[in-house]
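Q: got a structure for you, letters missing:
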């Protein structure tokens, strides 16, 4: 997590650099802090043929960007909205900033953003790099107006980096054992009884169990899976802490031996705690991606700004940009999936938790939205599991 000082310094540097030309309307991009290397922003400005000013404002969490989309919609409707920004955020204070032209959003929020009409579809024919995206990434953002993945739907986002759900473990603890975690099935081993901390997400916990059994994270009939309930009950006995924000603290303190969570949480942590190691499950895992989305409140009549928005998306997909994002943001550009490993910078040539073997990636999948009756199955099963053994939040 960023502390207040580092967030202030990062925000100020990028905001000031974008305010050099106040005579023309600027392209406004609201991005997740740390998801784009700062030098790429400078390169984009220098390559902009129009010389149009661009303003890049970082935000600490994706949830903040989703809240901004809601705030902007309320303002557009003339409804009163109270800003939740703290006073110390530069140039914002207690006021909601003007609507941006592009915003970073995670694919997890995409369905709700579409259903609530917080964003508008993109035109892929205006994006030169669209055809070079791997199919899984074009598919996850092609949806109908109910937010469900649909080949006949429209394109609602432009993926620019991705990561996965991974397993982290304390190497020191496993020195006395003759194995280390390598796949989901290892979470059920007797040695890990009451030794796991995990993100508190029904789709992730039930999903990894489905994966262990050879099924999809997006299975639509849980009752048709033999032994699923039995496997989940056995897994619950292994779990000591549930939390989507603090699941790594027990691992660091050795209260648990293994943690299951998102790569962008875990990869920065292991840099500070070398006793921790990370593995991407061999049978495949869940994927997530960060997207550029266009707020519904943005008017597309300004052709120059609209063109510049598309140009920024394409710039993020260029080889040089894709490599820098992958080297410096604890996530990988989807564009690297079509490249030869031997042609990439050395840190990206070898399999790693940030960029696993293609065989693992091919077995992995995005968690897609499900119809409410099916989603209710997941939630009901998860609630029953947690009540059978009171889960702790650390």
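A: Cool, got the structure. All of these numbers come straight from a predicted model, not from anything done at the bench.
Q: which stretches of the stretch 151-300 of the chain form helices?
A: 171-174, 202-212, 228-236, 248-252, 263-272 (DSSP state H, counting those that start in this stretch).
Q: remind me, longest strand of the chain?
A: Ranked by residue count under DSSP state E, the longest strand found in the chain is strand 158-170.
Q: any idea how many residues pack against the closest residue to residue 162 other than its chain neighbours?
A: Ranked by Cβ to Cβ, 6 or more residues apart in numbering and with sequence neighbours excluded, the top spatial neighbour of residue 162 is residue 289, at 4.1 Å. Where you see a C-beta, it was placed from the backbone N, CA and C, and this is true even at glycine. Using other Cβ atoms under 10 Å, residue 289 has 25 other residues around it.
Q: which ones are touching residue 289?
A: Applying Cβ atoms under 8 Å, 6 or more residues apart in numbering to residue 289 gives the contacts 106-107, 137, 140, 159-163, 334, 366.
Q: swap the cut-off to 10 Å and go again
A: 105-108, 110, 136-137, 140-141, 157-163, 331-334, 366 (Cβ atoms under 10 Å, 6 or more residues apart in numbering).
Q: return the distance of residue 201 relative to residue 165.
A: 9 Å (Cβ to Cβ, to the nearest Å).
Q: joint contacts of those two?
A: Common neighbours of residue 201 and residue 165 (Cβ under 10 Å, 6+ apart) are 207, 260-262, 286, 367.
Q: ok, of the residues you listed, which one's closest to residue 232?
A: Nearest to residue 232 among the shared contacts of residue 201 and residue 165: residue 207, at 11.1 Å, using Cβ to Cβ.
Q: need the pLDDT of that closest one.
A: Listed pLDDT for residue 207 reads 98.
Q: quick one, phi psi at the closest residue to it other than its chain neighbours?
A: With sequence-adjacent residues excluded and distances taken as Cβ to Cβ, 6+ apart, residue 207 is closest to residue 217, at 3.7 Å. Backbone torsions of residue 217, given as degrees, to the nearest 10, read phi -60, psi -30.
Q: how far away from the center of its chain is the helix with the most length in the chain?
A: If you go by DSSP state H, the chain has its longest helix at helix 372-388. Centre-to-centre, helix 372-388 and its host chain are 24 Å apart (Cα atoms, centre = their mean, to the nearest Å).
Q: ok, back up a step: what is the neighbour count of the residue nearest to residue 207?
A: 22.
Q: from residue 147, how far out is residue 319?
A: Using Cβ to Cβ, residue 319 is found at 32 Å from residue 147.
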